Structures are given as structure tokens and as C-alpha cells.
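Novice: Output the structure for:
(one chain, ligands or ions: 2)
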Amino acid sequence: MTDRTGSPTAGPVPGPVLGPALGGPLAPPRVLALANQKGGVGKTTTAINLGTALAAIGEKVLILDLDPQGNASTGLGIDRKSRPVSTYHVLSGDASLASAIVETSVPRLHVAPSTLDLLGVELEIAHERNRAHRLRQAIDTLMQGVGDDPFTYILIDCPPSLNLLTINALTASDAVLVPLQCEFFALEGLSQLLKTVEQVRAALNPRLSIHGVVLTMFDPRNNLSGQVVADVRQFMGAKVYETMIPRNVRVSEAPSHGKPVLLYDLKCAGSQAYLKLASEIIQRERALRAA
Ligand SMILES: Nc1ncnc2c1ncn2[C@@H]1O[C@H](COP(=O)(O)OP(=O)(O)OP(=O)(O)O)[C@@H](O)[C@H]1O
Ligand SMILES: [Mg+2]
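Specialist: Ligands and ions are numbered 1, 2, ... in the order given. Predicted coordinates for the structure are as follows:
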């Protein structure tokens with residue numbers, strides 16, 4: 001398969017970001033950025049449903065909505081009136097992250113919502129020296145202030161762009177989780193994303209690594225989907241999670257009800273896949289801790 005960027009599409013990718021599985025300390029909270037500058041690949045769907053699945057198996061989870069579209073907030077049932085404090089205020093320095101966090105209908109799952117204001121924050125903080133570290137500092141302050149029940153996972157839903165918002169997410173994260181849609185141009189842009197991760201690791205956040213690649217919207221009836229899976233597994237090797245998220249209409253219906261698919265239809269294939277992905281991620285984390 002051809003990568004339109006001209007990047008190689010065969011053979012594992014070398015380089016530090018793919019070297020040791022995870023670099024930094026593994027103490028909670030584990031901060032994972034859901035990033036891919038391609039639009040519509042399943043970042044938000046994965047943030048919402050992986051977050052829900054992690055909470056369902058006992059983790060305390062914060063989803064940080066860093067996309068001005070606010071889809072993660074809406075998909076979790078947080079209407080616009082219930083977002084008086086948002087990630088915009090956090091990044092612009094007007095409010096603490098703690099004050100932005102709201103509960104969701106899922107026990108142990110919280111969200112720091114976003115609003116369209118976030119579109120303007122890049123310009124507002126463009127000349128600040130700490131502009132790439134704003135989110136990191138906000139998370140550090142949050143963790144200093146929490147009592148004996150801290151978040152164990154923070155999932156950051158990034159916008160479809162490698163802009164300052166995504167750079168803030170990568171600077172604040174332990175690792176990146178890359179959703180890739182099983183479609184013809186799945187690998188397009190992946191090299192650029194890996195390069196950006198490497199640049200952030202070198203200049204801003206030495207502990208950053210790739211946690212894994214999750215294949216989304218897999219359709220077993222479509223031969224192309226199978227070919228894409230083979231290509232991505234060849235390109236990214238063991239970084240690709242075993243679990244694939246199938247294309248499933250219940251997954252796409254759930255956000256319009258303001259619910260994660262696990263609450264909307266626990267038995268459907270999409271819900272089951274996200275539960276499996278959560279346990280695979282926890283297993284990976286355990287293996288890393290033991291290493
Ligand atoms: N497994 C799935 N089965 C069916 N539809 C899905 C699945 N995953 C995501 N979708 C749908 O695909 C669309 C894009 O998903 P999503 O919003 O999660 O992508 P995204 O990467 O966050 O997009 P953006 O780049 O715009 O933020 C949505 O309409 C979503 O409901
Ligand atoms: Mg999104």
C-alpha cells in the first residue's frame with residue numbers, strides 16, 4: 001500500500017519513541033494523549049469509551065477535552081450550559097484544572113470539558129514562554145491538590161491537528177495512543193505524527209513514548225480492512241494492540257444520546273471491544289511495571 005506522504009509503509013519504525021515501550025515513571029496518574037492529526041479516525045470515540053471501560057474496571061479516570069469541537073464533552077452528556085469553566089480557562093491561566101472537572105453519569109469517570117473558546121487560546125498564549133507546558137503545569141497542580149483518591153488515568157482527546165493544543169497534550173503525557181482508522185490511507189500522516197512525537201520527546205518531554213496504535217472501524221467483510229491491518233502491523237509491529245475496534249452502528253449512535261456506548265448497549269461488539277482494549281492496556285502497563 002502506498003503512503004501518500006512518501007514515507008515507507010513497510011518494516012518496523014526505528015527510533016527512540018518506539019524503542020523502550022515506555023520511558024517515564026509509571027506512577028499514577030498515567031497520562032495518555034489520544035492523538036492523530038487525521039480527522040475522524042476515532043480519537044474522541046476511543047477517549048470516551050476507553051475511559052468508560054477503564055472506569056468500569058476500577059480505575060479513576062479523567063478525560064481532558066482538548067478539542068474546541070467539544071465532542072468528548074457532548075458525547076459524555078455535558079451540555080454547553082454545564083461548562084462554565086473549560087479547558088480554555090485552564091490553558092489561558094484563568095482557572096485551575098480542578099475547577100473545570102465535572103462528573104459524568106459513569107462512576108469514577110470525570111471530564112474537563114472544552115468549548116469553542118479553545119480555538120483562540122493558541123494566539124492568546126503564543127508569546128508566553130511556558131506556552132507548551134501549560135497543560136503539564138495544570139495537571140501537576142491538580143495532582144498536588146488531590147487527596148487520597150487521585151486519578152489513575154488521564155486521557156487527553158486531541159484535536160485533528162498538530163497545533164499548540166496537541167503539543168500541550170504531548171508535553172503533558174507519558175505516552176501517546178494513536179487511533180488509526182482501517183481505511184486505504186490509514187498510514188498517511190503517521191510518519192509526521194511519529195516525527196512530532198520524537199521532536200516533543202527531544203525538546204519538551206523526555207518521558208514521552210508511543211503506548212500503542214489502536215485500529216478502529218474495522219470491517220471484517222471488507223477485504224481492504226484486512227489489508228490495512230496487515231500493513232499497519234508490519235509498519236508498527238508490536239505497538240499495535242491486538243484488540244481492534246469494529247465498525248459498529250451502536251458506537252456511532254451512542255454520542256447523540258450523551259452516553260458512552262458501554263452504557264448505551266453493553267453487549268454490542270463495540271462495547272466489548274473497548275472493554276478488551278482497556279484490559280489489554282492495563283496488562284501492558286503491568287508488564288511495564290514489572291520490567
Ligand atoms: N467503531 C466505530 N463504529 C462506527 N462508527 C464509529 C466508530 N468509531 C467512530 N465512529 C464514528 O466515526 C466518526 C469519527 O469518530 P470520532 O469523532 O471519534 O473521530 P475523531 O478522530 O475524534 O474526529 P476529529 O478528528 O474530528 O476529532 C464519528 O461519527 C463516530 O461516531
Ligand atoms: Mg475528536
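Novice: Is the lengthiest helix in the chain in proximity to ligand 1?
Specialist: Across the chain, the longest stretch assigned as helix under DSSP state H is helix 269-290. Yes: between helix 269-290 and ligand 1, judged by Cβ under 6 Å from any ligand atom, the touching residues are G270. Heads up, the C-betas are built off the backbone N, CA and C, glycines and all.
Novice: which sections of the protein are below the confidence cut-off?
Specialist: Along the chain, segments meeting pLDDT under 70 span 1-27.
Novice: OK, contacts around the spatially most central residue of it?
Specialist: The C-alpha lying nearest the average C-alpha coordinate of the chain belongs to L34 (Cα atoms, centre = their mean; 1.7 Å). L34 is in contact with 43-44, 46-47, 155-158, 177-179, counting by Cβ atoms under 8 Å, 6 or more residues apart in numbering.
Novice: residues in contact with the residue of the stretch 101-250 of the chain found nearest ligand 1?
Specialist: For the stretch 101-250 of the chain, the residue closest to ligand 1 is P160, as judged by Cβ to the nearest ligand atom, at 3.3 Å. Applying Cβ under 8 Å, 6+ apart to P160 gives the contacts 36-40, 43, 67.
Novice: Which residues does the residue in the stretch 151-291 of the chain that ligand 2 sits nearest to form beta bridges with?
Specialist: With Cβ to the ion, the shortest gap between the stretch 151-291 of the chain and ligand 2 falls at D157, namely 5.9 Å. Beta-bridge pairing of D157 under DSSP bridges involves L34, D65.
Novice: wait, it sits on N49?
Specialist: No: contact between D157 and N49 fails when scored by Cβ atoms under 8 Å: they sit 11.5 Å apart.
Novice: any idea which element L180 lies in?
Specialist: strand 175-181 (DSSP states H and E).
Novice: That strand pairs with which strands, parallel or anti?
Specialist: strand 30-34 (parallel), strand 209-218 (parallel).
Novice: so of those, which one's packed in deepest?
Specialist: Counting by mean count of other Cβ atoms under 10 Å, strand 30-34 has the highest mean neighbour count of those, with a mean of 26.
Novice: Which SSE is immediately downstream of that strand?
Specialist: helix 43-56.
Novice: Now tell me what touches that next one from outside.
Specialist: The contact list for helix 43-56 (Cβ under 8 Å, 6+ apart) reads 34-36, 61, 63, 67, 71-72, 75-76, 106-109, 153, 155-158, 160, 177, 179, 214, 216, 245, 251-252, 255, 260-263, 270-271, 274-275, 277-278, 281-282.
Novice: Just the buried ones from the residues you listed?
Specialist: Those of the contacts of helix 43-56 that meet the buried threshold are 34-36, 61, 63, 67, 71-72, 75-76, 106, 108-109, 153, 155-158, 160, 177, 179, 214, 216, 245, 251, 255, 260-263, 270-271, 274-275, 277-278, 281-282, by 16 or more other Cβ atoms under 10 Å.
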